[in-house]
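Participant: here is my input, please return the structure:
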Amino acid sequence: MEKVSYLTKRDNILLEKAINEIKRLSNVYGILQIGSSTYSKNYHDIDIIVFFDKILPPPEISKINKKYSKYNFYIEGNSFKDQKIDRGAKIFIKFLSHLKTKRLLYGKYPYKNVRVSVNKIDVAYNIRYHYNFALYTQNYENILSVSMNTMLAYKSIFPKNKEETLNLFKKTYPKLAKFLPKNAKFYLRHTNKSNFKDLYKFFQKSLEFLIR
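Facilitator: Predicted structure coming up:
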């Protein structure tokens, strides 16, 4: 695998090890790297999406994610076939397809020739899913940026990083932005169990806006 100049020597070695472990799983269709680690030396983490040629990703992917999470790797398993049963998948496909900084590490990109249309209910479904996922798994870190990116993707706006996401969201949805906490930038990377409740009003108002 070609080394990435933006990554440290340690992270390049860890990335190669992680990819080799993932490739040994069955039905791996493609492995994608996204986020700041693809274009900046000032990255906070390394985001990897693994696509499987099955409706459900194998349980082993969570073990690999846990193993490398201590090195600030976030490894997510996805099925590229779930668009047939998951309305929220359409937002995911639209966002990835317009993301210019993604990097294919192995296999094929599954949505190369896929075109989707998105409505407000699709967006609401996606946001509610991520809210509930954060609530019940207690994995809160990306909930705010993911939800704002979902609403921006609906408007065909695709930010490069979390800070840009927040700025563009405020410009695009000023009436909803007023329900964000005053120090919203802090919540982009530091949402946790104790302060998650501070985002409740924002999520509630966003869903009301989408379904009215």
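
Participant: near residue 161, how many other residues are there?
Facilitator: 17 (other Cβ atoms under 10 Å). Every residue, glycine included, has its C-beta placed from N, CA and C.

Participant: got a list of what it touches?
Facilitator: Applying Cβ atoms under 8 Å, 6 or more residues apart in numbering to residue 161 gives the contacts 35-36, 40.

Participant: which single one of these is nearest to residue 124?
Facilitator: residue 35 (24.9 Å; Cβ to Cβ).

Participant: one step back: quick one: which of the contacts of residue 161 has the most company?
Facilitator: For the contacts of residue 161, the largest number of neighbours (other Cβ under 10 Å) sits with residue 35, at 23 neighbours.

Participant: pLDDT value on that one, please?
Facilitator: With respect to pLDDT, residue 35 scores 86.

Participant: can you give me phi and psi for it?
Facilitator: phi 90, psi -170 (degrees, to the nearest 10).

Participant: with adjacent residues omitted, what lies nearest to it?
Facilitator: Excluding its sequence neighbours, the residue lying closest to residue 35 (Cβ to Cβ, 6 or more residues apart in numbering) is residue 47, at 3.9 Å.

Participant: I figured residue 121 hits residue 210, correct?
Facilitator: Yes. Between residue 121 and residue 210 there is a contact under Cβ atoms under 8 Å: 7.3 Å.

Participant: and the two? Which one has more around it.
Facilitator: Taking other Cβ under 10 Å, residue 121 and residue 210 do not tie; residue 210 has more neighbours (21 against 11).

Participant: helices along the chain, start to end?
Facilitator: Using DSSP state H, the helices of the chain run over 9-23, 60-69, 89-98, 120-137, 143-154, 162-172, 174-177, 184-190, 200-211.

Participant: neighbouring contacts of the fifth one?
Facilitator: Contact partners of helix 143-154, identified using Cβ under 8 Å, 6+ apart, comprise 91, 94-95, 98, 118, 120, 122-123, 126-127, 130-131, 134, 158-159, 162, 165-166, 168-169, 172-173, 176, 184, 187-188, 191, 196, 199, 202-203, 206.

Participant: next: the longest one.
Facilitator: If you take Cβ under 8 Å, 6+ apart as the criterion, helix 120-137 is touched by 87-88, 90-92, 139-140, 143, 146-147, 150-151, 153-154, 191, 196, 203, 206-207, 210-211.

Participant: so how far is that helix from its chain's centroid?
Facilitator: How far helix 120-137 lies from its chain's middle: 12 Å, per Cα atoms, centre = their mean, to the nearest Å.

Participant: got the angle for that helix vs helix 143-154?
Facilitator: 170 degrees (axes from the mean of the first three to the mean of the last three Cα atoms, to 10 degrees).

Participant: got the buried residues for helix 120-137?
Facilitator: 122-131, 134 (16 or more other Cβ atoms under 10 Å).

Participant: between the helices of the chain, which one is closest to residue 110.
Facilitator: Per Cβ to Cβ, nearest to residue 110 of the helices of the chain: helix 89-98, 8.8 Å.

Participant: as CSV, the buried residues of helix 120-137 with pLDDT and distance to residue 10 would be great.
Facilitator: Shown next, in CSV, are the buried residues of helix 120-137 (pLDDT from 0 to 100; distance: Cβ to Cβ, whole Å):
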residue, pLDDT, distance to residue 10
122, 90, 40
123, 93, 38
124, 93, 41
125, 90, 39
126, 90, 34
127, 93, 36
128, 92, 38
129, 88, 34
130, 89, 31
131, 92, 34
134, 88, 29
